[in-house]
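*Asks:* Make a model of this:
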Amino acid sequence: MSQTAEQAAAPLRALAALGRPVLALLASIGQITLFAASAIGHLFRPPFYWREFGQALMQIGWYSLPVVGMTAIFTGGALALQIYAGGNRFGAEAVVPQIVAIGMARELGPVLGGLMVAARVASSIAAEIGTMKVTEQIDALTTLSTDPMKYLTVPRLLAATLAGPVLVAVCDSIGIMGGWLVAVTRLEFNSASYLQNTVDFLQAWDIGSGLVKGLVFGFLVALSGCWHGMNSGRGAKGVADATKAAVVSSSVLILAANYLLTGIFFSA
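*Replies:* Predicted coordinates for the structure are as follows:
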């Protein structure tokens, strides 16, 4: 190849190098979308494995309460301190209960609760299903005429979707309580006045929008865990890579979905 032809081909190689990851990303998005559509379709067709659903609900919902609660109470307390310190510069210390309430209900409760659940649940689902794939248990299910999508994915998706709003409600409540504790014990707020300001300021949609976010975030967490588990590579490294990818992708999806939902719910 002549030097002129080599120079002409260089930009094409650069474009190809940029295009390959973009095409791979688009292919992954398409595959995940088809996977989600298939799981939702299976949700409305029998049979339904109630035992698997109950176990998934306990694992995702009940056992996530401690980490969500601890995250919420410290976040609420830190938020109260930060708002008080910032408001003190402008003589606006009295807004602490209002801002803590709206911050926890609209944003911090759903997002931090979702991220904690993603770290705990997405990794667990991906590791469990990935291990089943490596040990050929998924192939055994197919041999026994049991659809892996219905047996493994659908119960976990439904359980996470239903548990999401409940965990967000718990996170909101404990976070607001953490702000109240710090305000009353350290910032010398009147307890009754603080609680009254919180109740008067919060509106129904402030709480409802957070619960809707919890619904979406729960679905995304379980979807990411199931997808990466079903598509994990062989061996211990494949399961480890699937677990890591499930946590990363579910966290990114939560943050992206939070931005989109906030824009929809609270756009001017």
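*Asks:* what bits of this structure have low per-residue confidence?
*Replies:* For the chain, applying pLDDT under 70 flags the ranges 1-16, 19, 268.
*Asks:* Please repeat the previous calculation with a cut-off of 90.
*Replies:* Regions of the chain meeting the criterion pLDDT under 90 cover residues 1-49, 61, 82-99, 130-153, 186-191, 193-195, 197-204, 206, 229-242, 265-268.
*Asks:* Please, where are all the strands along it?
*Replies:* Counting by DSSP state E, the chain has no strands at all.
*Asks:* would you list every one of the helices in it?
*Replies:* Taking DSSP state H, the helices of the chain run over residues 3-43, 50-60, 65-87, 96-103, 109-117, 123-134, 137-143, 148, 154-185, 191-201, 204-230, 235-266.
*Asks:* any chance of those in a markdown table, with mean neighbour count too?
*Replies:* Heads up, the C-betas are built off the backbone N, CA and C, glycines and all. Below are those laid out as a markdown table (neighbours: other Cβ atoms under 10 Å):
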| stretch | mean neighbour count |
| --- | --- |
| helix 3-43 | 11 |
| helix 50-60 | 16 |
| helix 65-87 | 19 |
| helix 96-103 | 23 |
| helix 109-117 | 26 |
| helix 123-134 | 22 |
| helix 137-143 | 13 |
| helix 148 | 19 |
| helix 154-185 | 23 |
| helix 191-201 | 15 |
| helix 204-230 | 23 |
| helix 235-266 | 17 |
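*Asks:* dump the residue contacts of L112.
*Replies:* T71, A72, T75, C171 (Cβ atoms under 8 Å, 6 or more residues apart in numbering).
*Asks:* switch the cut-off to 7 Å
*Replies:* For L112, the contacting residues are T71, T75, C171, by Cβ atoms under 7 Å, 6 or more residues apart in numbering.
*Asks:* Could you do V117 as well?
*Replies:* S64, V68, L167, V221.
*Asks:* what about 8 Å?
*Replies:* I60, S64, V68, A160, G164, L167, F217, G218, V221.
*Asks:* between those residues, which is nearest A126?
*Replies:* Set against A126, the nearest of the contacts of V117 by Cβ to Cβ is V221 (10.5 Å).
*Asks:* I'd guessed the closest one sits against S250; true?
*Replies:* Yes: using Cβ atoms under 8 Å, V221 is in contact with S250, at 4.8 Å.
*Asks:* ok, the residue nearest to Y194 when sequence neighbours are not counted to G69 distance?
*Replies:* Distance criterion Cβ to Cβ, 6 or more residues apart in numbering; nearest residue to Y194, sequence neighbours excluded, is P97 at 4.8 Å. According to Cβ to Cβ, to the nearest Å, P97 and G69 sit 20 Å apart.
*Asks:* now I102
*Replies:* 20 Å.
*Asks:* shared neighbours of V221 and S250, which are they?
*Replies:* Joint contacts of V221 and S250 (Cβ under 8 Å, 6+ apart) are A118, A122.
*Asks:* need the contacts of V117 in a markdown table with distance to E52, can you?
*Replies:* Below are the contacts of V117 laid out as a markdown table (distance: Cβ to Cβ, whole Å):
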| residue | distance to E52 |
| --- | --- |
| I60 | 12 |
| S64 | 18 |
| V68 | 23 |
| A160 | 13 |
| G164 | 18 |
| L167 | 20 |
| F217 | 22 |
| G218 | 17 |
| V221 | 17 |
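*Asks:* L23: which of those is nearest?
*Replies:* Each of the contacts of V117 was scored against L23 by Cβ to Cβ, and V221 proved nearest at 26.6 Å.
*Asks:* residue contacts, the closest one?
*Replies:* V221 makes contacts with G114, V117, A118, V121, A122, A160, G164, S250, I254, as judged by Cβ under 8 Å, 6+ apart.
*Asks:* Wait, G109 touches L167, no?
*Replies:* No: using Cβ under 8 Å as the test, G109 is too far from L167 to be in contact (9.1 Å).
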